[in-house]
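Enquirer: Have a look at this fold, sequence not included:
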C-alpha cells in the first residue's frame, strides 16, 4: 500500500509538473499541443491517482492509528492531521480547476487562469510533501497499542518492525566432496 501511495502521488504531482513544463515549452517554441489538448489527457491520470491516494492513505491511517482520537492525542496523529488538511486543500484546488477551466481552455484568459491554478496546486503539493517528510520522521509508535490487536496476527504484523530477510541463494549443505 505504501508503494502504491508513493506511485499515485508521483502520478498526480509529477504529471502536473510535466503538464506545466510541456505547456511552457509549447508557448516558448510556438508549436505543439496546447493546454486544450494536454489537460484532457492528464485528467484521467490525475483522477486515478487521487483515488489511489485516498484509498491507500486511509489504509495507512488505519494501520498506524488506534482510533480517531490519535489524530489529536499523539504527535504522529497531529502531523497526519496537518497532512490530511493540506491534501484536502490541494484536492479542492484540483477539483475546482478540473470542473471550471476545461470549457475555457484554448482562450488566452482560460489558459492563463489554469496555469495559475495548476501552479497553486503544485505549491500546495510541495507543502504536503514537507508534512509527509516530517510525518516520516515521527514514530507512529508514540501511542500504546490496542491490547486486543497486539495478541492477534494483525497485531504482530502492525507492531513488528519490518526487517529485511536475507536470502540464502542457492547454497547447498553437504554438497562438496571431501578429499579431492
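Expert: That came through, no problem. What you see is a predicted model, and the numbers here were worked out from it, not measured in a lab.

Enquirer: Could you report the distance from residue 85 to residue 100?
Expert: For residue 85, the distance to residue 100 equals 22 Å [C-beta to C-beta, to the nearest Å]. Yep, even glycine has a C-beta here, placed from its N, CA and C like the rest.

Enquirer: Are there helices or strands packed against whichever strand or helix holds residue 85, and which ones?
Expert: Assessed by DSSP states H and E, residue 85 sits inside helix 75-100. Applying 3 or more C-beta pairs under 8 Å, 6 or more residues apart in numbering; DSSP states H and E, we find helix 75-100 packed against helix 35-64, helix 70-73, helix 108-136.

Enquirer: Do me a favour and average the pLDDT over the second one.
Expert: The one in question is helix 70-73. For helix 70-73, the mean pLDDT works out to 86.

Enquirer: oh, and call the first residue 80 from now on, that's how I've got it
Expert: Got it, first residue is 80 now, which makes that one helix 149-152.

Enquirer: Go through it and flag the buried ones.
Expert: For helix 149-152, burial by neighbour count (16 or more other C-beta atoms under 10 Å) applies to 149-150.

Enquirer: who touches that helix?
Expert: Residues lying outside helix 149-152 but in contact with it, judged by C-beta atoms under 8 Å, 6 or more residues apart in numbering, are 144, 155-157, 159-160, 222.

Enquirer: change it to 10 Å
Expert: By C-beta atoms under 10 Å, 6 or more residues apart in numbering, the surrounding residues in contact with helix 149-152 are 140, 143-146, 155-160, 163, 219, 221-222.

Enquirer: who's in contact with residue 200?
Expert: By C-beta under 10 Å, 6+ apart, the neighbours of residue 200 are 91-92, 95, 99, 125, 168-173, 175-176.

Enquirer: Return the item of those having minimum pLDDT.
Expert: residue 176 (77).

Enquirer: tell me the contacts of it?
Expert: 95, 118, 122, 125, 192-193, 195-197, 199-200.

Enquirer: a markdown table please, covering the residues you listed and showing distance to residue 184.
Expert: Rendered in a markdown table, the data for the contacts of residue 176 read as follows (distance: C-beta to C-beta, whole Å):
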| residue | distance to residue 184 |
| --- | --- |
| 95 | 15 |
| 118 | 6 |
| 122 | 11 |
| 125 | 15 |
| 192 | 10 |
| 193 | 7 |
| 195 | 14 |
| 196 | 12 |
| 197 | 12 |
| 199 | 17 |
| 200 | 16 |
